[in-house]
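S.K.: Below are the sequence and a predicted model for it; my questions follow.
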Amino acid sequence: MRPSPDCKLCDLHRGRTTIVLPDGNPSYGIVFVGEGPGEFEDLEGRPFVGRSGKILDNMMREAGFDRTKVMITNTVKCRPPNNRDPMPEEMAACRQFLESELYDARLIVGLGKSACRDLMGYEGPMSEIVNIPITIKVRDREIVFIPTYHPAATIYNKDSRAALQETMRVVAEWLK
Ligand code: URA
């Protein structure tokens, strides 16, 4: 299930240029969930094509895979104004689309706070949960979920960079 091109289920439609749909390959059953489209994603219609996307691509490459082996999506498909965090009602409006993207997954990687808030209901510091796998329910399915840092959070922070690199190593194992 995908949003219609003129989707108006939440107010994010007011500022969007393009709805940003998932990218990559669902057949390996691994889905990365980011926060929401930024400026470049909104223009191009693809997730993680800006600065965070370059970091993500580099870290995947370092771990020995690339985005053709995973699917990448976001909690919301339209850019929040000034890249603010998506609001709970915006994530709730987009939830039906996210659930259909996740339903067949074996492993979900939550990139940052918004993904963890949306999919785990978690509101605390990322450092408490990073790289500790849990199981989440997507409709009637139980799926392994790994919380980790958003690529943007790794730019000036060595520890979060190392933690996201560790997540990528784990994903590489799942791909074997
Ligand atoms: N940050 C995100 O969380 N998602 C994108 O698609 C781009 C940047």
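M.R.: In hand now; what should we look at? It should be emphasised that the depicted structure is a prediction, and the values quoted were computed from it without experimental measurement. Numbers count the residues shown, from 1 in each chain.

S.K.: need the helices for this protein, in chain order.
M.R.: In the chain, the helices defined using DSSP state H lie at 39-44, 51-63, 88-102, 113-120, 158-174.

S.K.: My read is that E101 contacts I72, right?
M.R.: No: E101 sits out of contact with I72 when judged by CB atoms under 8 Å, with a separation of 9.9 Å. C-beta here means a position set from N, CA and C on the backbone, and glycine is covered the same way.

S.K.: between the two, what contacts are shared?
M.R.: P22, V31 (CB atoms under 8 Å, 6 or more residues apart in numbering).

S.K.: higher neighbour count, the two?
M.R.: I72 (26 against 22; other CB atoms under 10 Å).

S.K.: tell me the most buried of the helices of the chain?
M.R.: Most buried of the helices of the chain, by mean neighbour count (mean count of other CB atoms under 10 Å): helix 113-120, with a mean of 22.

S.K.: Give me the helices and strands touching that one, please.
M.R.: For helix 113-120, the packing partners by 3 or more CB pairs under 8 Å, 6 or more residues apart in numbering; DSSP states H and E come out as strand 30-34, helix 88-102, strand 107-111, strand 134-138, strand 141-148.
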